[in-house]
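Enquirer: Sequence and predicted structure, then a few things I'm wondering about:
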Amino acid sequence: MAGHSKWAQIKRKKAANDAKKGKIFTKLIREIQVAAKLGGPDEESNPRLRQAIQQARAYNMPLSNIERAIAKGCGETEGENYEEVTYEAYGPGGVAIFIEALTDNRNRTVSEIRHVLTKHGGNLATSGSVAWMFEKKGVITVDGSECSEDDVLIIATDAGADDINVVDDVYEITTAPGDFEAVKKALEDNGIKIIEAGVSMIPKNTVRVDESNAPRVLSLMEALDDLDDVQRVYSNFDIDEEILKRIPSSS
């Protein structure tokens, strides 16, 4: 799970210092709209909406923004009609990249993604050429400073978790998509603090990236992630921790 873990670590650190809250809000509002459109406005019966709202609250999004996004998604007020699209690509060093986007203009989105890829040494791939390298998994990140690994392991596995991985001061718990909600609820019911939770695309195998390509890979991932239409970016890269330490932070 190194590709997911490394990028997740970088994103968490970036978010902690990221002043571009407006860009984060844009992505969250789109996710809330689409979740409400697909599953209805009730959080209890719509897990995707519930998760989107929890993320929005974690970034201190005003309740009025959340309510407007739900209303737009349900067609109660006028708003953009976003659709879900995915793109597959290759980056420097041959790493595979899987991109999830929400857009109201496919031509604009693919043009922006292609431009970023070209600028950073990557290229779009044909449909299906990259997707098979990933599998959908629930990923729950827990603050390791407030609980023991043994406690988390027992609670998570009893609820149906597949695995737990220690990364720095956090525990990353993986589940089958169908067990995600049950595991998350079990952790919450036991007072375990959750940093982040969601269903992700996890690489089945990773590609080791050398020091010459590592900065280019990270620059590409950040540039893709910064696009308004892009919701999530996944990759199968693995960069050694010592190399990561030598790469200047762009945050």
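Expert: That came through, no problem.
Enquirer: For A131, which non-adjacent residue is closest in space?
Expert: Residue nearest to A131 in three dimensions, not counting chain neighbours: E88, with 5.9 Å by C-beta to C-beta, 6 or more residues apart in numbering. For every residue, glycine as well, the C-beta is placed using N, CA and C.
Enquirer: Okay, helices next: where are they in the chain?
Expert: Per DSSP state H, the chain has helices spanning 2-16, 21-39, 47-58, 63-73, 106-119, 149-159, 180-189, 214-225, 241-246. These are given in chain order.
Enquirer: and the longest one, what does it pack onto?
Expert: For helix 21-39, the packing partners by 3 or more C-beta pairs under 8 Å, 6 or more residues apart in numbering; DSSP states H and E come out as helix 47-58, helix 63-73, strand 96-103, strand 230-235.
Enquirer: Now the second one: buried residues?
Expert: Spelled out, it's helix 63-73. By neighbour count, with 16 or more other C-beta atoms under 10 Å as the criterion, the buried positions of helix 63-73 are 66, 68-73.
Enquirer: before we move on, the earlier item: would you reformat the helices of the chain as JSON lines and include mean pLDDT and distance to T174?
Expert: Formatted as JSON lines, the helices of the chain follow (pLDDT from 0 to 100; distance: least, C-beta to C-beta, whole Å):
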{"stretch": "helix 2-16", "mean pLDDT": "58", "distance to T174": "9"}
{"stretch": "helix 21-39", "mean pLDDT": "89", "distance to T174": "21"}
{"stretch": "helix 47-58", "mean pLDDT": "90", "distance to T174": "16"}
{"stretch": "helix 63-73", "mean pLDDT": "94", "distance to T174": "28"}
{"stretch": "helix 106-119", "mean pLDDT": "97", "distance to T174": "27"}
{"stretch": "helix 149-159", "mean pLDDT": "92", "distance to T174": "9"}
{"stretch": "helix 180-189", "mean pLDDT": "93", "distance to T174": "9"}
{"stretch": "helix 214-225", "mean pLDDT": "94", "distance to T174": "21"}
{"stretch": "helix 241-246", "mean pLDDT": "82", "distance to T174": "21"}
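Enquirer: closest one to I140 among the ones you listed?
Expert: helix 180-189 (5.7 Å; C-beta to C-beta).
Enquirer: quick one, that closest one and helix 47-58 angle?
Expert: For the pair helix 180-189 and helix 47-58, the angle between their directions (axes from the mean of the first three to the mean of the last three C-alpha atoms, to 10 degrees) equals 40 degrees.
Enquirer: Start at 676, not 1
Expert: Sure thing, new numbering starts at 676, so read that last one as helix 855-864.
Enquirer: Just the C-alpha atoms of helix 855-864, please, in CSV.
Expert: Coordinates of each C-alpha in helix 855-864 appear next as CSV, following Å, rounded to 0.1, in the frame of the first residue of the first chain:
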residue,chain,number,x,y,z
PHE,A,855,-16.0,0.1,5.5
GLU,A,856,-19.0,1.6,7.3
ALA,A,857,-19.2,-1.2,9.9
VAL,A,858,-15.4,-0.8,10.7
LYS,A,859,-15.6,2.9,10.8
LYS,A,860,-18.7,2.8,13.2
ALA,A,861,-16.9,0.3,15.5
LEU,A,862,-13.9,2.6,15.8
GLU,A,863,-16.1,5.6,16.5
ASP,A,864,-18.2,3.8,19.0
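Enquirer: helices or strands up against it?
Expert: In this structure, helix 855-864 makes packing contacts with strand 809-818, helix 824-834, strand 845-850, strand 869-878, judged by 3+ C-beta pairs under 8 Å, 6+ apart.
Enquirer: Need the contact partners of it.
Expert: If you take C-beta atoms under 8 Å, 6 or more residues apart in numbering as the criterion, helix 855-864 is touched by 722, 813, 815, 817, 827, 830-831, 833-836, 848, 850, 869, 872, 874.
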